[in-house]
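S.K.: can you look at this prediction? I've put the sequence above it.
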Amino acid sequence: MFDRDYVDLDECARRMDLTKAQVMHLVRIRALRGFYAGFGLWFVEPAIVTGAVTTP
């Protein structure tokens, strides 16, 4: 698990240009990998989000 690029919740939100609530939502629906380290600390693996629009 620790060979991946896990960062704390704040850093992940900054890298992905999202709020912490949005990142946690993505963790809850398992779109992002994350784990609870205790003492209120979450570590999340950032991902590339394209923002592609699929409407004609």
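M.R.: Looks like it arrived, so ask away. A quick note: this is a predicted structure, and the numbers were derived from the prediction, not measured. Numbers count the residues shown, from 1 in each chain.
S.K.: before we move on, which element is the closest residue to F35 other than its chain neighbours in?
M.R.: Spatially, and ignoring its direct neighbours in sequence, F35 is nearest to F43 (5.7 Å; CB to CB, 6 or more residues apart in numbering). (C-beta placed from N, C-alpha, C; glycine too.) Element membership of F43 [criterion: DSSP states H and E] is strand 41-44.
S.K.: avg pLDDT for that strand?
M.R.: For strand 41-44, mean pLDDT is 94.
S.K.: what's the answer for stretch 21-34, then?
M.R.: When pLDDT is averaged over stretch 21-34, the result is 93.
S.K.: what about the helices in this structure?
M.R.: 9-16, 20-28 (DSSP state H).
S.K.: buried set for the last one?
M.R.: This points to helix 20-28. Residues of helix 20-28 classed as buried: 23-24, 26-27 (neighbour count, 16 or more other CB atoms under 10 Å).
S.K.: between these, which is nearest E11?
M.R.: Nearest to E11 among these, counting by CB to CB, is V23 at 10.0 Å.
S.K.: got the end-to-end distance for stretch 20-34?
M.R.: End-to-end distance for stretch 20-34: 13 Å, by CA to CA, to the nearest Å.
S.K.: repeat for stretch 28-46
M.R.: Counting by CA to CA, you get 14 Å between the two ends of stretch 28-46.
S.K.: again with stretch 14-29
M.R.: Using CA to CA, the span of stretch 14-29 from its first residue to its last is 20 Å.
S.K.: how far away from the center of its chain is that stretch?
M.R.: Distance of stretch 14-29 from the chain centroid (CA atoms, centre = their mean, to the nearest Å) equals 5 Å.
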